[in-house]
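*Asks:* just a sequence and a predicted model for now, questions to come.
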Amino acid sequence: MKVLELKNVNKIYNSSEVKVNAVNEVSLAFEEAEFAAIVGPSGSGKTTLLNLIGGLDTPTSGEIIIAGTDLSQLKPSQLIDFRLKNIGFVFQSYNLIPVLTARENVEFIMTLQQWPEKERNERTEELLKAVGLGDRMNSRPSKLSGGQQQRVAVARALASRPKFVLADEPTANLDSKSAATLLEIMEKLNREQKITFIFSTHDPRVVKMARRVITLEDGRVISDELR
Amino acid sequence: MTATIAWKNIWRNHKRSLVVITAVTLGIISGVLLIGILEGWSKQRLQDAIYNEVSHIQIHQADFMNNEEINLTVRQPDNLIRVIDSLPGVTGWVKRTRIVSMISTPWAASGANLYGINPEAEKLVSHINQKIVPRGGRYLDAGSPSDMLISDKTAEILKLKQFIIADSTLDKLRMAKVPESLLAKLEPLKEKRFRSPVDFRNALRKAFSKKELDRYGAILMDQALDYRLRNKVQVTFSDREGNPVQGIFRVCGIYKTTNTSFDQSTLFVNADALAALYGASETLTHEIAILLNDTKDAGATAEKLIPVSTGNSVMTWKELAPDAAMMSDYMLVYYFIFIGIIMLALAFGIINTMLMAILERTKELGMLMAIGMNHRKVFSMIMLETLYLTLAGAVTGMVTGWMLAALLGRTGIHFTSWGEGFEAIGFAAKVYPVVTPAFLLITTLMVIVTAVIASIWPARKALKLNPVEALRTE
Ligand SMILES: Nc1ncnc2c1ncn2[C@@H]1O[C@H](COP(=O)(O)OP(=O)(O)OP(=O)(O)O)[C@@H](O)[C@H]1O
Ligand SMILES: [Mg+2]
């Protein structure tokens, strides 16, 4: 089943003197439970592409269809709710609300969707245990290592059972050991919960773990291999 | 959860939040005290106006208040009294004779309203019998027809208020722990008669340093004060035929209310003694004053009296003491004005703080919006932060201000010295601050409104953030 489809998507930045085609005629489709890496040199358009897929940015042309919904049909306010329900996000940094504990950060997403308290608690504990932080649930982000913080972010991204999780360079700020742990956890969750992960990275070791690798250059998809 | 986050966010930057909270606290304390003093003053003025001066309701002949002639007596007083007695909520009533007259001593003269009263009946309606000053003699005695009660101010005008340093005065000062060195300096002033406070003050000023006067001036004035009680005073007025009548009274006592202009124009004698002067078979009634159990009933009770008062005019305290009425009517307006000004000033600080907080959290706000926190929730989070911040200060301010006001309400605040320590002696204006629940409620509401309004700008700024750009910022 297709969770995500891009048809001839373009993103053109017209800002200063130069015109940049950051995403150029990209057409892609993602199935349920994929584990895909987007790679490419700096400035190749990885972040731009992920922002478009996540509905954080709007394409200049083309269609993005998520679980049957064309994003361009949604009003800005609907788009926020759509993101909340259907897409999980893991950013490079500043993922967590600093005044909340790990548990509260994960719960937050479900509170926004008004889940009943019992379900919230169960899912939060289940997810934090799954990312190996069962014993750090009541710590604030500032008391956690960078790797642990990213694991909380992954748990939060999965909280509302999204169609897929987007992660833009989730390991960029981590040492290689933490990066490997994070990726292993993501891969395990992907297998167990059948949730699609799409992440961008520069790290060859991370790329190795992906089952699908999409390579960008100057905003174009130059290769798309399954392994 | 938005509420929890908002509350916790306040404490991310302790110092900055505490500065705002302190500012709001101080602002509200000053507002509470200021209004408390105004309210206390207003309450006191209202009490004094009603219980010393005008009672709740007065009835005169319809033209009397414009033209205070001796012949303009209340129409059908007995009929009125019957009705008044049948009304509920009446504490008491009195009939008074009221004649415009000249009063004079060998040294000075003045014009005033001469009231002929029944001393015992008067006590039911007016507290003037409780306003006799220390060493100021006694209240009117029905059995002593020559008695006249005058005010401290009238005594001063008629030069019946003198200052003498006698041996007994020095003894009293010694008991009051005035240093001997000062007492020695008083020796040359001994047994001299000063006919006005100004003369005595000038003499003291020559003898003592400013510092000594600031400290002991008031007690010196107080102890040297000597009213010339039993002194003869002459009154002159026109009788019912328009012929001048003269009468001699003796000052039996000195009273003093908080209202100098009332004091200055009000003299009391026995109604019968006055009647003997104008030569009527019975005492004339120019004024009926009624005291009620509850000030709130004044209007309604007056309404009931109007139909039976043909040819008379029925006035409530609001018309008789418009200054007191206006003050209490406008208290609500003062609440809004004072608190409004304070909150307006504070709003700028609050807005600035919130804008700084938003700027610092750009990335975090971008993240929150990206993961699905909608505009309404972001807005309410920032509004709640502003509200908590402001309310924290306001509640502290109201509690502190209220406690301070309660404390000062017990001791009272003295506004004696605007200039030199004792310059304003006789103006022992003491205010007892009063903080009403209505005021605290209005303040709370205004604080909430201010916080909500102050949060709009910062919140809109946050909503304008584009998540993609916000996340990109370093
Ligand atoms: N807001 C913008 N205005 C103008 N140009 C932009 C904007 N955002 C991105 N670009 C340009 O679009 C291109 C793609 O940028 P993008 O950030 O997507 O690359 P990237 O692959 O994520 O790079 P990196 O690996 O360094 O993160 C770049 O040339 C960049 O300069
Ligand atoms: Mg990037």
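*Replies:* Alright, I've got the coordinates. Ligands and ions are numbered 1, 2, ... in the order given.
*Asks:* residue 86 - how many residues pack around it?
*Replies:* As the question left the chain open, I've gone with chain A. 20 (other CB atoms under 10 Å in any protein chain shown). Heads up, the C-betas are built off the backbone N, CA and C, glycines and all.
*Asks:* try again with chain B
*Replies:* Going by other CB under 10 Å, the residues that sit close to residue B:86 add up to 9.
*Asks:* gap between it and chain A?
*Replies:* Distance from residue B:86 to chain A, counting by CB to the nearest CB, to the nearest Å: 67 Å.
*Asks:* again with residue B:76
*Replies:* 77 Å.
*Asks:* how about the contacts made by that residue?
*Replies:* Neighbouring residues of residue B:76 by CB atoms under 8 Å, 6 or more residues apart in numbering or on different chains: B:310, B:311.
*Asks:* same check on residue B:285?
*Replies:* Counting by CB under 8 Å, 6+ apart, residue B:285 has contacts B:73, B:74, B:77, B:95, B:96, B:97.
*Asks:* between those, which is closest to chain A?
*Replies:* residue B:96 (72.8 Å; CB to the nearest CB).
*Asks:* the closest one: neighbour count?
*Replies:* 25.
*Asks:* for the residue in the stretch 301-450 of chain B that ligand 1 sits nearest to, what are its contacts?
*Replies:* At 13.4 Å from ligand 1, residue B:366 is the closest residue in the stretch 301-450 of chain B, using CB to the nearest ligand atom. Residue B:366 makes contact with B:465, B:466, B:467, B:468, B:469, B:470, B:471, B:473 under the criterion CB under 8 Å, 6+ apart.
*Asks:* so, low pLDDT: which residues of the stretch 251-400 of chain B?
*Replies:* Confidence mapping of the stretch 251-400 of chain B against pLDDT under 70 gives zero matching residues.
*Asks:* what sits closest to residue B:81 if chain neighbours are left out?
*Replies:* residue B:93 (6.9 Å; CB to CB, 6 or more residues apart in numbering or on different chains).
*Asks:* ok but that neighbour is inside a helix, no?
*Replies:* No. Going by DSSP: H, G, I helix; E, B strand; the rest coil, the assignment for residue B:93 is strand, not a helix.
*Asks:* which strand residues bridge it?
*Replies:* Beta-bridge partners of residue B:93, counted by DSSP bridges, are residue B:290.
*Asks:* count the residues that sit near it.
*Replies:* 22.
*Asks:* sec struct for residue B:97, please.
*Replies:* For residue B:97, the assignment made with three-state DSSP gives strand.
*Asks:* show the pLDDT at it.
*Replies:* For residue B:97, the pLDDT comes out at 96.
*Asks:* list the contacts for the closest residue to it other than its chain neighbours?
*Replies:* Once flanking residues are discounted, residue B:97 sits nearest to residue B:116: 3.3 Å by CB to CB, 6+ apart. Neighbour list for residue B:116: B:96-99, B:269-275, B:283-284 [criterion: CB under 8 Å, 6+ apart].
*Asks:* worst-scoring helix or strand of chain A, pLDDT-wise?
*Replies:* helix A:204-209 (a mean of 90; mean pLDDT, DSSP states H and E).
*Asks:* the closest residue to ligand 1 within the stretch 151-300 of chain B and chain A, how far apart?
*Replies:* Residue nearest to ligand 1 within the stretch 151-300 of chain B: residue B:296 (69.1 Å; CB to the nearest ligand atom). Remark: distance between residue B:296 and chain A (CB to the nearest CB) = 50 Å.
*Asks:* what residues does chain A have near ligand 1?
*Replies:* Chain A comes close to ligand 1 at residues A:13, A:15, A:20, A:22, A:40, A:42, A:43, A:44, A:45, A:46, A:47, A:48, as judged by CB under 6 Å from any ligand atom.
*Asks:* which element is the residue in the stretch 201-350 of chain B positioned nearest to chain A on?
*Replies:* Residue nearest to chain A within the stretch 201-350 of chain B: residue B:350 (20.1 Å; CB to the nearest CB). Applying DSSP states H and E as the criterion places residue B:350 in helix B:322-360.
*Asks:* one step back: what residues sit buried inside whatever helix or strand comes next after the least confident helix or strand of chain A?
*Replies:* Where DSSP H and E defines the elements, the next helix or strand beyond helix A:204-209 is strand A:212-217. Neighbour-count burial for strand A:212-217 flags A:212, A:213, A:214, A:215, A:216 (criterion: 16 or more other CB atoms under 10 Å in any protein chain shown).
*Asks:* next up, phi/psi of the spatially closest residue to the first one that is not a sequence neighbour, please.
*Replies:* Right, residue A:212. Once flanking residues are discounted, residue A:212 sits nearest to residue A:36: 4.1 Å by CB to CB, 6+ apart. Phi and psi for residue A:36, reported as degrees, to the nearest 10, are phi -110, psi 140.
*Asks:* ok, the one 5 residues further on next?
*Replies:* Residue A:41 adopts backbone torsions of phi -60, psi 170, taken as degrees, to the nearest 10.
*Asks:* you'd agree residue A:221 is in a strand?
*Replies:* Yes. Counting by three-state DSSP, residue A:221 falls inside a strand.
*Asks:* gap between it and residue A:207?
*Replies:* The gap separating residue A:221 from residue A:207 is 15 Å, by CB to CB, to the nearest Å.
*Asks:* those two: which has the busier surroundings?
*Replies:* More neighbours surround residue A:221 than the other of residue A:221 and residue A:207, with 20 against 16 (other CB under 10 Å).
*Asks:* do I have it right that the more buried one meets residue A:36?
*Replies:* No. Judged on CB atoms under 8 Å, residue A:221 makes no contact with residue A:36 at a distance of 11.9 Å.
*Asks:* find residues that contact each of those two.
*Replies:* residue A:214.
*Asks:* so which bits of stretch A:106-113 are buried?
*Replies:* Neighbour-count burial for stretch A:106-113 [16+ other CB under 10 Å]: A:106, A:107, A:108, A:109, A:110, A:111, A:112.
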